[in-house]
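Chemist: Let me see the structure of the following:
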Amino acid sequence: MNQVTIHPVWVRIFHWVNASAVVAMCLSGWQVYNASPIFPAIRFPASITLGGWLGGALLWHFAVMWILVANFLAYLGLGIATGRLREKLFPVSVRAIASDLVAALRGKLSHGDLSHYNAVQKVAYLVVIADIALVVLSGLTIWKPVQFPVLRTLMGGFDNARIVHFVAMSVLVGFFAIHVVMVALVPRSLLTMIRGR
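Modeler: So this is what the prediction gives:
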C-alpha cells in the first residue's frame with residue numbers, strides 16, 4: 001500500500017539544515033555572549049559553547065549565519081511558491097488556538113493525522129518563522145550597526161539590539177526544547193521528518 005508523503009524531500013532537507021544551523025549559532029553565540037554578557041548573572045558553561053574563545057566563536061557564528069540565512073530564505077521562498085506554508089499554517093483562529101491549547105494541557109490533543117497541524121502547532125511555527133527573521137535582523141544590526149542605521153534605530157540602538165538578539169535566541173531555544181519534548185511524546189513525527197511519511 002502506498003503511503004502519502006507528509007513532508008517532501010525539500011522540506012526535510014531545509015528542516016535538518018535549519019536545526020543544525022540554529023544549534024551551531026546558539027552554541028557559538030553563547031561563547032560570544034560570555035565575552036561581553038548583557039546580563040552579568042547569566043553565563044554559559046564552556047562545555048556547551050562552540051569556538052573555544054571569542055575569535056573562534058565569531059568565526060563559527062559568521063560562517064553558519066550564511067547557511068542559516070540562505071536556508072531560511074530558500075525555505076520561505078519555496079514554501080510560498082508551492083503554497084505549502086499557506087496550506088499548512090493557515091487559517092488559524094483564536095478560538096481554535098484556545099481549544100487546542102486546552103486539549104494539549106489536558107493531554108487530549110489528537111496526533112492521529114500527522115499531515116495536519118493543530119492550531120497550537122500552526123502558531124508555534126509562525127512564531128518561530130518570525131523569530132528567526134528577528135534573530136537575523138537583530139544580528140545584522142549588531143554585526144553592522146553603521147551600515148544598517150534604520151535597523152539600529154528600529155531596534156532602539158546597538159545595546160538594545162543585543163537584548164533583542166538575546167531574547168529572540170532564547171525564544172528559539174525554548175521552541176527547540178518544546179519541539180524535542182513533543183517529538184519524544186509523538187515519535188512518529190520524527191520518522192515523518194526523516195523518511196517523509
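
Chemist: contacts and neighbour counts: CA atoms only from here.
Modeler: Will do.

Chemist: What is the neighbour count of Phe166?
Modeler: When neighbours are defined as other C-alpha atoms under 10 Å, Phe166 has 21 of them.

Chemist: likewise Gln3?
Modeler: The local packing of Gln3 (other C-alpha under 10 Å) involves 7 other residues.

Chemist: Repeat that for Ile48.
Modeler: Using other C-alpha under 10 Å, Ile48 has 11 neighbouring residues.

Chemist: Which pLDDT value goes with it?
Modeler: Here the pLDDT value assigned to Ile48 is 97.

Chemist: who touches it in this structure?
Modeler: By C-alpha atoms under 8 Å, 6 or more residues apart in numbering, the contact list for Ile48 reads Leu27.

Chemist: measure it to Lys108 for me?
Modeler: From Ile48 across to Lys108, the span is 35 Å (C-alpha to C-alpha, to the nearest Å).

Chemist: Please apply the same query to Ile142.
Modeler: Using C-alpha to C-alpha, Ile142 is found at 43 Å from Lys108.

Chemist: Then Ser189?
Modeler: Distance from Ser189 to Lys108, by C-alpha to C-alpha: 17 Å.

Chemist: Mind checking which of the two has more residues around it?
Modeler: Ranked by neighbour count (other C-alpha under 10 Å), Ser189 and Lys108 place Ser189 first, with 18 against 11.

Chemist: where along the protein do the helices fall?
Modeler: For the chain, the helices defined by DSSP state H cover 9-35, 54-82, 84-89, 94-105, 119-143, 149-154, 158-185, 188-195.

Chemist: To Gln3, which of the ones you listed lies closest?
Modeler: Counting by C-alpha to C-alpha, Gln3 lies closest to helix 188-195 out of those; the figure is 11.1 Å.

Chemist: for the closest one, which positions count as buried?
Modeler: Ser189, Thr192, Met193 (16 or more other C-alpha atoms under 10 Å).

Chemist: for the last one, what are its contacts?
Modeler: The one in question is Met193. By C-alpha under 8 Å, 6+ apart, the contact set of Met193 is His7, Arg12.

Chemist: And it, how far from Gly79?
Modeler: Separation of Met193 from Gly79 (C-alpha to C-alpha): 16 Å.

Chemist: again, but for Leu68
Modeler: Going from Leu68 to Gly79 by C-alpha to C-alpha gives 16 Å.

Chemist: same deal with Asn71?
Modeler: If you measure Asn71 against Gly79 using C-alpha to C-alpha, the figure is 12 Å.
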